[in-house]
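[1] Sharing a sequence plus its predicted fold:
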Amino acid sequence: MIERGMIFNGEMVRAILDGRKTQTRRPVKFPVHDKNLGCELAGNELAGELSAGNYLNSAFGKQGDRIWVRETWARYNIDQDSHDMAYRATPPAGWPEGGRWRPSIHMPRWASRILLEITNIGVQRIHSISQNDAAREGLMRLPATGRYCINQGDQYFGGASHDAREVFSWLWQSIYGEESWNANPWVWVIEFKRVEGGAA
């Protein structure tokens with residue numbers, strides 16, 4: 001079993017904590033070199049290998065490997081023997097407005113509070129996402145209307161739809177840009193469950 005760190009933004013951290021997010025998609029960085037043959041793999045070849053159970057060329061490991069979540073964080077109340085941790089996605093009561101946050105890229109393993117176990121991994125084109133999988137990317141479903149949104153309150157600004165795939169496309173574009181969505185890139189599809197073992 002291997003552990004790797006992975007960055008999640010505040011919205012997605014809250015979705016993991018709420019149990020709404022059980023999948024993440026990340027762009028495949030080409031070229032992917034086959035570790036057996038030394039040749040370059042196309043997206044459909046990589047997808048075929050993973051579906052056949054060959055995870056040698058997987059950038060994120062295999063079933064049973066773990067991901068520790070990297071998020072924006074801070075240490076405070078520091079003295080010689082102890083300190084408290086704060087996380088921007090869920091700041092503690094009374095956290096000062098101008099409190100100093102550390103970027104998620106600089107979060108060490110010992111500061112991570114969320115540990116995920118990979119339950120499945122694959123590769124697909126981003127436009128191939130299903131309605132169900134789009135919802136499992138952490139979307140919020142509004143109880144009154146059944147529409148999906150990324151954050152509570154988005155519905156008041158035109159940011160809600162009955163089509164989970166449409167809302168997921170907005171989420172993708174907010175992170176990677178509209179041109180990325182339009183290019184329909186190959187993506188890693190990582191399914192996971194939360195497990196005990198977050199360090200903080």
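    Yep, it's here.
[2] what's the neighbour count on residue 30?
    The burial count assigned to residue 30 is 13, neighbours taken as other C-beta atoms under 10 Å. Glycine gets a C-beta too; all of them are placed from N, C-alpha and C.
[3] Against residue 126, how distant is it?
    14 Å (C-beta to C-beta, to the nearest Å).
[4] who touches the spatially most central residue of the chain in this structure?
    By C-alpha atoms, centre = their mean, the chain has its centre lying nearest to residue 24, at 4.3 Å. Shown in contact with residue 24 (C-beta atoms under 8 Å, 6 or more residues apart in numbering): 6, 8, 12, 137, 190, 192.
[5] Correct me if wrong: residue 161 contacts residue 147.
    Yes: assessed by C-beta atoms under 8 Å, residue 161 is found in contact with residue 147 at 5.9 Å.
[6] returning to that earlier point: out of the contacts of residue 24, which is nearest to residue 104?
    Of all those, residue 104 sits closest to residue 8, with 7.4 Å by C-beta to C-beta.
[7] about what we covered before: farthest-apart pair in the contacts of residue 24, please.
    6 and 137 (14.2 Å).
[8] higher neighbour count, the two?
    Here residue 6 and residue 137 are set side by side on neighbour count (other C-beta under 10 Å), and the busier one is residue 137, at 23 against 17.
[9] Is it correct that the more buried one is in contact with residue 16?
    No: using C-beta under 8 Å, residue 137 is not in contact with residue 16, being 10.9 Å away.
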